[in-house]
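In: Attaching a predicted model along with its sequence, questions to come.
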Amino acid sequence: MITPKNLIKHELIGLEAEVVKSKNKSLIGLKGKIVDETKNMLTIETKKGEKKIIKKECTLRIKLNKEIVEVDGALLVGRPEKRIKKTIPKKRV
């Protein structure tokens, strides 16, 4: 089960996400469903089509059932299958 504490170790595809901080100011406020993930990028399906964002350059607000979690994209960098082994920093999630 996905919880706010173990989110970065789970599959992100299918979750609702919003970009709340980014080096690219045009991405702030981008909302949609995560449809693909690579080592360094997330693809979010929005009303206007699919948008690719660089993980390490943004902070995401991800919806988990009734909870909203803010995650620093730098914590998500890496192949999805390798993130399972990653340790979770206490203060960054």
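Out: Done, it's in. Residues are numbered from 1 along each chain as shown.

In: In this model Lys55 seems to touch Ala74, though I could be wrong.
Out: Yes: because the distance of 7.1 Å satisfies C-beta atoms under 8 Å, Ala74 is recorded as touching Lys55. In this view, the C-beta of every residue, glycine as well, is placed from N, C-alpha and C.

In: These two: which is more packed in?
Out: In terms of neighbours (other C-beta atoms under 10 Å), Lys55 is the more surrounded of Ala74 and Lys55; the figures are 21 against 12.

In: From Lys33, how far out is the more buried one?
Out: Applying C-beta to C-beta, to the nearest Å, the value for Lys55 to Lys33 is 16 Å.

In: So which residue is dead centre in the chain?
Out: Residue closest to the average C-alpha location in the chain (C-alpha atoms, centre = their mean): Leu60, at 5.3 Å.

In: residues contacting that residue?
Out: Contacts for Leu60 (C-beta atoms under 8 Å, 6 or more residues apart in numbering) come out as Ala17, Glu18, Val19, Val20, Leu42, Glu70, Val71, Gly73, Leu76.

In: Same question for Val20.
Out: Residues counted as contacts of Val20 (C-beta under 8 Å, 6+ apart) are Ile28, Cys58, Thr59, Leu60, Arg61, Glu70.
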